[in-house]
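Chemist: fold the following, please.
(2 chains)
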There are 2 protein chains.
Amino acid sequence: MPSPIEFYFDFSSPYSYFGAEQIEPLATRYGRQVDFKPTLLGAVFRVSGQRPLTEIPIKGEYSRHDFARSARFAKLAFRMPDPFPISTVQAARACLVLQQERPDLATGFIHAAFRAYFAQGRNISEVEVLRQVLEESGANAGAVIEAAGQAQIKDRLKSAVEESIARGVFGAPFVFVDGEPFWGSDRLPQIERWLASGPF
Amino acid sequence: MPSPIEFYFDFSSPYSYFGAEQIEPLATRYGRQVDFKPTLLGAVFRVSGQRPLTEIPIKGEYSRHDFARSARFAKLAFRMPDPFPISTVQAARACLVLQQERPDLATGFIHAAFRAYFAQGRNISEVEVLRQVLEESGANAGAVIEAAGQAQIKDRLKSAVEESIARGVFGAPFVFVDGEPFWGSDRLPQIERWLASGPF
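Modeler: Model (predicted):
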């Protein structure tokens, strides 16, 4: 049984959204599972001295244009959210709760949260919006949000972020296939080559 | 007659090398010419507050791995040059001289200089190496290097770099197709879509 594809993401990363939409069909074609791993780009960027793409002079302007065009290229619904970026701590914790308590709902929630923010313009950093997205995903929103506030889950997210940094994650999405690191949704073609025929 | 593809590059950028190797066959398939435009990433990075990829913590390590893997993916000869990055002012000036005086040799020189640095490990910032690469490209190396040191060419490169910055070039390769900006060799698939069927 081949190992699952590890997909590190942040809910406020447009390229993570594009990657999340495409990685599962790709994995399925090659008999792989996807292990979705939330991280926090804020913490990750502090380690490597980076900042959000849209805040970099000149590059920021281009990136907004590229988000929308890359969405059209991949035939994904997208509209630039405002505010951007947002805190994704609560959404990431809710994700960890579901992965622990209701793994059958977790991946559906991940997609729903990405689409809420990047396709529907809903600010998932607001607890009421997060609650709605959880309900729409079939979860008991109240219970998830309560669990997300407890120390065990806070610690788990902290550990998850630290683990991602320790593994060399410096941006998102960041994908490991058989331990091989691929950064960015741009690397899907290389990931496909790897899945199809192994190391190259 | 469709407008040429404008390809901004720096001779010290691996992704520019990968892009330069692939852009002409792509352009030819869609009846386009390529207008190769040297710029200097050092100057470009100062504007947007960036620094060479390999100097960014964590991301730098990954990028070296990605250069080599991306070369294999594209079936291009590559070995990580040392030193890296290098000053490309002299090579860029030589390129402008040829584009002005011997346009028939200019594109061949561009490919030869990229391959010298990224496939053969030859430091093209050294004048003797540059001289050899010019000779191998069929140019009168002495005349080109002399012309490259004159004020007219120095001014032309300065203007070329300023023009690239004014157009929003913040990295390399940076490609314009019908005025549409595409950053990075990763965008070749989107460029192909644009060439095949227009704006999307």
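
Chemist: the helix or strand of chain A with the lowest mean pLDDT packs against which elements?
Modeler: The helix or strand of chain A with the lowest confidence, counting by mean pLDDT, DSSP states H and E, is helix A:41-48 at a mean of 92. On a contact count with 3 or more Cβ pairs under 8 Å, 6 or more residues apart in numbering or on different chains; DSSP states H and E, helix A:41-48 meets helix A:151-166. (Glycine included, C-beta is placed from N, CA and C.)

Chemist: can you give the contact residues for the helix or strand following the helix it packs on?
Modeler: Beyond helix A:151-166 in the direction of the C-terminus, DSSP states H and E gives the next helix or strand as strand A:174-177. Here strand A:174-177 makes contact (Cβ atoms under 8 Å, 6 or more residues apart in numbering or on different chains) with A:5-9, A:19, A:23, A:32, A:39, A:164, A:167, A:181-184, A:187, A:191, A:194-195.

Chemist: and what of stretch A:112-126?
Modeler: Contact with stretch A:112-126 is made by A:11-12, A:14, A:16-17, A:20-21, A:76-79, A:81-83, A:86-88, A:90-91, A:95, A:129-130, A:132-133, A:136-137, as judged by Cβ under 8 Å, 6+ apart.

Chemist: A:F114 and A:D10, how far apart?
Modeler: 10 Å (Cβ to Cβ, to the nearest Å).

Chemist: could you do A:L130 as well?
Modeler: 15 Å.

Chemist: with A:D178 instead?
Modeler: A:D178 is 23 Å from A:D10, by Cβ to Cβ.

Chemist: report pLDDT for the residue of chain A found nearest chain B.
Modeler: The nearest approach of chain A to chain B comes at A:D186, 3.8 Å away (Cβ to the nearest Cβ). Note for A:D186: predicted pLDDT of 96.

Chemist: using the three-state scheme, assign it.
Modeler: Assigned with DSSP: H, G, I helix; E, B strand; the rest coil, A:D186 falls in the helix class.

Chemist: the spatially closest residue to A:Y8 that is not a sequence neighbour: neighbour count?
Modeler: In this structure, A:Y8 finds its nearest non-sequential neighbour in A:F174, 4.2 Å apart by Cβ to Cβ, 6 or more residues apart in numbering or on different chains. Look at A:F174: counted by other Cβ atoms under 10 Å in any protein chain shown, it has 27 neighbours.

Chemist: on that earlier part again, of the contacts of stretch A:112-126, select the buried ones using a ChimeraX command.
Modeler: To isolate the buried members of the contacts of stretch A:112-126 in ChimeraX, using 16 or more other Cβ atoms under 10 Å in any protein chain shown:
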select /A:11,12,14,16,17,20,21,76,78,81,86,87,88,90,91,95,129,130,132,133,137
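
Chemist: the closest residue to A:R29 other than its chain neighbours - how many residues pack around it?
Modeler: Once flanking residues are discounted, A:R29 sits nearest to A:L195: 7.6 Å by Cβ to Cβ, 6+ apart. A:L195: 18 surrounding residues under other Cβ under 10 Å.
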